[in-house]
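**Q** Generate a structure from the sequence data that follows.
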Amino acid sequence: MPALMSVFDALGEAQTVLDLFSGTSRVGHALKRRGHRVLANDHNAYAATLARCYVQADHEELAEVALREITRLDALPGSPGYFTHTFCEQSRFFRPENGARVDAIRDAIQTLAAPPELEAVLLTSLMEAADRVDSTTGLQMAYLKRWAKRAHNPLKLRMPDVLPRAKAGKGGAHELEVLDAVERLEGDIAYLDPPYNQHKYLGNYHVWETLVRWDAPEHYGVACKRVDCRERRSDFNSRPRHEAALEHLIRNVRAETLVLSMSDEGFVSRDTLERMLSCRGEVVTLDVDYKRYVGAQIGIHAPSGEKVGEVGALRNREYIFVAGEGAERVRGLTVEGAASARAQSVMN
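**A** Next up, the predicted model:
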């Protein structure tokens, strides 16, 4: 994040930024704080909700009513339902007492029928409260064999860090497939952080998807994943189709400058990405040394819990590519952790 924000600082005054794979909205939130008008997009409901809270909602318009509702919701006693049965009894993501609180609070939010931005703030408060007492390593593909220490803490709602309206204007949150989003949304800068391997974010965060949709879906497997984790497919999670989908996106996104994040563990190599981006003009690449995901730090374990092996590497390379009009502004930029940067000539 520090390296990425250095890039946006170098690109100049607050402008409209398209965040087309917004995920947890950490990037969109940071850009809004810097004054950018952010148009966030993600096809998953939990991610669109986070963006509606952290990018679209403005503090001055709803902080008072949101805090009042959060205080009321936080006082509700537990009432076990689908969430408790599925994620605390059939699986072990949360302690049952916290699952019952989630059920009660989520039912109350549903009954409230609040306007979209207020509802997003309340749902974000609940997601984050549940995240603080879960028993995982951060992803919901699996849960820990023994309860995490934090899982024993009582669930507690907090007011999310909703920012005042950005200097460049009110942001927006969208829930579109990305290739539909590029036809509808336009900005000065497009930030692209696409999936880079076969792991779907829906599967990684399926509990949050169910919490937001509140649709009591059929599920499968030990982790009780939603059945649509099997059914919803993206070309960006497919090795054979990833490159063509990304190239189409790069050519068609409506922005003068593109900023793209990618890992060296992804489907597409640095050289290939620089070639693809060169259709937009000059390309500058920052190469940042980075600690690998938490599973790599933990190591390889048998079902019994015994450590049986070591992963191949604990660090990897994260690339930040800047292409188009803004590339010349980041040429020569030095950021924390950057190992190298190189510019590629314009190739049309």
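
**Q** doesn't Glu209 make contact with Arg226?
**A** Yes: at 6.3 Å, Arg226 and Glu209 qualify as touching, with contact defined as C-beta atoms under 8 Å. All C-beta spots, glycine's among them, are computed from the backbone N, C-alpha and C.

**Q** who's more crowded, these two?
**A** Higher neighbour count among Arg226 and Glu209: Glu209, with 25 against 21, using other C-beta atoms under 10 Å.

**Q** any low-confidence regions in the stretch 151-300 of the chain?
**A** For the stretch 151-300 of the chain, the stretches flagged by pLDDT under 70 are 196-199, 290-300.

**Q** Which parts of it are helices?
**A** 178-184, 201-204, 206-213, 228-231, 239-252, 270-277, 294-298 (DSSP state H, counting those that start in this stretch).

**Q** Single out the most deeply packed of those helices.
**A** Among the helices of the stretch 151-300 of the chain, the stretch with the highest mean neighbour count (mean count of other C-beta atoms under 10 Å) is helix 206-213, at a mean of 24.

**Q** just checking, what packs against that one?
**A** Packing partners of helix 206-213 (3 or more C-beta pairs under 8 Å, 6 or more residues apart in numbering; DSSP states H and E): helix 45-51, helix 116-131, strand 225-226.

**Q** Report the angle between that helix and helix 116-131.
**A** Taking axes from the mean of the first three to the mean of the last three C-alpha atoms, to 10 degrees, one finds that helix 206-213 is oriented at 150 degrees with respect to helix 116-131.

**Q** Give me the angle between the helix or strand encompassing Glu61 and helix 116-131.
**A** Under the criterion DSSP states H and E, the helix or strand holding Glu61 is helix 59-74. An angle of 50 degrees separates the directions of helix 59-74 and helix 116-131 when computed by the same axes, to 10 degrees.

**Q** quick one: contacts of whatever helix or strand comes next after helix 59-74?
**A** Sequence-wise, the next helix or strand downstream of helix 59-74 (DSSP H and E) is helix 82-84. The list of residues contacting helix 82-84 from outside it, by C-beta atoms under 8 Å, 6 or more residues apart in numbering, reads Pro96, Gly99, Ala100, Val102, Asp103, Arg106, Thr210, Leu211, Ala216.

**Q** Equivalent analysis for stretch 100-116, please.
**A** The contact list for stretch 100-116 (C-beta under 8 Å, 6+ apart) reads 52, 69, 73-74, 76-84, 88, 94, 119, 122-123, 126, 130, 154-155, 157, 211, 214.

**Q** Generate a ChimeraX selection restricted to the buried subset of those.
**A** Provided next is the ChimeraX selection string for whichever of the contacts of stretch 100-116 are buried by 16 or more other C-beta atoms under 10 Å:
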select :52,69,73,74,78,80,81,82,83,84,88,94,119,122,123,126,130,155,157,211,214
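
**Q** Now for Ser278, how many residues are close by?
**A** Around Ser278 there are 17 other residues, counting by other C-beta under 10 Å.

**Q** thought it was touching Ala327?
**A** No: counting by C-beta under 8 Å, Ala327 is not a contact partner of Ser278; they are 10.2 Å apart.

**Q** thinking again about what came up before, right, so of the helices and strands packed on helix 206-213, which gets closest to Ala57?
**A** Nearest to Ala57, of all these, is helix 116-131, at 4.2 Å by C-beta to C-beta.

**Q** Run the chain-centre distance for the closest one.
**A** Relative to the chain's own centre, helix 116-131 is displaced by 15 Å; criterion: C-alpha atoms, centre = their mean, to the nearest Å.

**Q** Pull the CA coordinates from that helix and hand them back as PDB.
**A** Provided in PDB are the C-alpha atoms of helix 116-131 (Å, rounded to 0.1, in the frame of the first residue of the first chain):
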ATOM      1  CA  PRO A 116     -28.300   1.700   0.700                       C
ATOM      2  CA  GLU A 117     -25.400   3.700   2.100                       C
ATOM      3  CA  LEU A 118     -26.600   3.400   5.700                       C
ATOM      4  CA  GLU A 119     -27.200  -0.300   5.300                       C
ATOM      5  CA  ALA A 120     -23.700  -0.700   3.800                       C
ATOM      6  CA  VAL A 121     -22.200   1.000   6.900                       C
ATOM      7  CA  LEU A 122     -24.100  -1.200   9.300                       C
ATOM      8  CA  LEU A 123     -23.200  -4.400   7.300                       C
ATOM      9  CA  THR A 124     -19.600  -3.300   7.200                       C
ATOM     10  CA  SER A 125     -19.600  -2.800  11.000                       C
ATOM     11  CA  LEU A 126     -21.000  -6.300  11.400                       C
ATOM     12  CA  MET A 127     -18.600  -7.900   8.900                       C
ATOM     13  CA  GLU A 128     -15.600  -6.300  10.600                       C
ATOM     14  CA  ALA A 129     -16.800  -7.200  14.100                       C
ATOM     15  CA  ALA A 130     -17.200 -10.900  13.000                       C
ATOM     16  CA  ASP A 131     -13.700 -10.800  11.300                       C
END
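
**Q** heads up, I number from 40, so please use that
**A** All right, first residue 40 from here; so that's helix 155-170.

**Q** I'd like the mean pLDDT over that helix, please.
**A** Confidence over helix 155-170 (mean pLDDT, whole number) is 98.

**Q** State the helix or strand in which the nearest residue to Asp303 once chain neighbours are set aside lies.
**A** Distance criterion C-beta to C-beta, 6 or more residues apart in numbering; nearest residue to Asp303, sequence neighbours excluded, is Arg356 at 4.0 Å. With the criterion set as DSSP H and E, the secondary-structure element containing Arg356 is strand 354-363.
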